[in-house]
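Student: sharing a model prediction with you, sequence too.
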Amino acid sequence: MLLSQMNFPTDRPLIMGILNITPDSFADGGKFESFDSALHRGLEMISEGVDIIDVGGESTRPGSHRISTDEELRRVLPVIEALAAKGAVISIDTKRAITARQAVESGALIVNDVSAGLSDPDMFGVVAALGCPYIAMHTRGESADMQVRAVYDDVVAEVINELGERARASLAAGILPENLILDPGIGFAKESEHNWEILNHLDAFKAIGYPILIGASRKRFLGKLVGSEKTDERESATIALTTLLAKAGVWGVRVHSVKPHRDAVEVARSMK
């Protein structure tokens, strides 16, 4: 299905709700690890007006290590099937082509790849064959070592260049331009000052010509700003950022809670 056929609102950012079916994700690891808890959380998101539920079975926090394909599939497929049956729009958060394919076959409509095809050379071809929307995110290296690669002379120019290279490679592999969404990768191979520099130059990323997704929810750079080591205490800063991102005209925000961010978007939309 083409992105344009999904009937998403066009007058506000989409709310992509994070559903981590993992024991070790940085903000909510273990909370939704079981099928029942994950399904309950997904249904709760639907009731709160989520636009997309982003289901992931493998943590990508800094320092995390890969799990097996079988384990990733075991975690995500039953939840995707159950939530898709309830009418939810599901994106699969994965770096593996085989997981992307099986997730879409199970009801997911969007592939969200935080490696932009660098972790699996088969990813672009599989997504092109599936004909589904694809989110390509900027990072460097794998989660276990990405932070040592956070070295930039001009982070905005370098991220735009590197993300642009991945976009061109995805199109060359057959992914349709109207199905491509870009994510500058806040917190991935980036220090706090890099994240703020990117957020302060979103117009440069929008000028690439593709919808922009921002995933900054409860991340360390917000905790550093407000002086909190606890991820839950970064939620108010995340909501404030969502309000500003809505005014900046991004395509979507990837967040841990739903209703507060829907409310923030409505406030931003009402301020002319």
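Tutor: Good, I have the coordinates. Numbers count the residues shown, from 1 in each chain.
Student: with only the CA atoms kept, save the longest strand anywhere in the chain in CSV.
Tutor: Across the chain, the longest stretch assigned as strand under DSSP state E is strand 14-20. The C-alpha coordinates for strand 14-20 follow below in CSV (Å, rounded to 0.1, in the frame of the first residue of the first chain):
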residue,chain,number,x,y,z
LEU,A,14,1.2,11.8,13.0
ILE,A,15,1.6,10.2,16.4
MET,A,16,3.6,7.0,16.2
GLY,A,17,3.3,5.2,19.5
ILE,A,18,6.3,3.1,20.6
LEU,A,19,5.6,-0.5,21.6
ASN,A,20,8.8,-2.2,22.6
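Student: so how far is that strand off the chain centroid?
Tutor: Distance of strand 14-20 from the chain centroid (C-alpha atoms, centre = their mean, to the nearest Å) equals 8 Å.
Student: packing partners of it?
Tutor: For strand 14-20, the elements it packs on are helix 35-47, strand 52-56, strand 252-255, helix 259-270, judged by 3 or more C-beta pairs under 8 Å, 6 or more residues apart in numbering; DSSP states H and E. Any C-beta I mention is one placed from the backbone N, CA and C, and that applies to glycine too.
Student: do you have the helices of the stretch 101-250 of the chain handy? List them.
Tutor: With DSSP state H, counting those that start in this stretch applied, the stretch 101-250 of the chain shows helices at 123-130, 155-172, 192-199, 202-206, 220-226, 235-248, listed in chain order.
Student: buried deepest among those, which one?
Tutor: Stretch with highest mean neighbour count among the helices of the stretch 101-250 of the chain: helix 123-130 (a mean of 21; mean count of other C-beta atoms under 10 Å).
Student: what packs against that one?
Tutor: helix 97-105, strand 110-113, helix 155-172.
Student: make TSV from those and add mean pLDDT and distance to Pro78 to it.
Tutor: Formatted as TSV, these follow (pLDDT from 0 to 100; distance: least, C-beta to C-beta, whole Å):
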stretch	mean pLDDT	distance to Pro78
helix 97-105	98	11
strand 110-113	98	19
helix 155-172	98	29
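Student: out of these, the one nearest Val89 is which?
Tutor: Counting by C-beta to C-beta, Val89 lies closest to strand 110-113 out of those; the figure is 7.3 Å.
Student: distance to Ser34 added to the helices of the stretch 101-250 of the chain, as TSV?
Tutor: Output for those, formatted as TSV (distance: least, C-beta to C-beta, whole Å):
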stretch	distance to Ser34
helix 123-130	28
helix 155-172	35
helix 192-199	33
helix 202-206	37
helix 220-226	27
helix 235-248	24
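Student: between the ones you listed, which gets nearest to Thr10?
Tutor: Ranking those by distance to Thr10, with C-beta to C-beta as the measure, places helix 235-248 first at 13.0 Å.
Student: pretty sure Val253 sits against Ile212.
Tutor: No - the pair Val253 / Ile212 is not scored as a contact, 10.1 Å apart, by C-beta atoms under 8 Å.
Student: tell me where the model's unsure across the protein.
Tutor: Within the chain, the stretches with pLDDT under 70 are 24-30, 63-64, 272.
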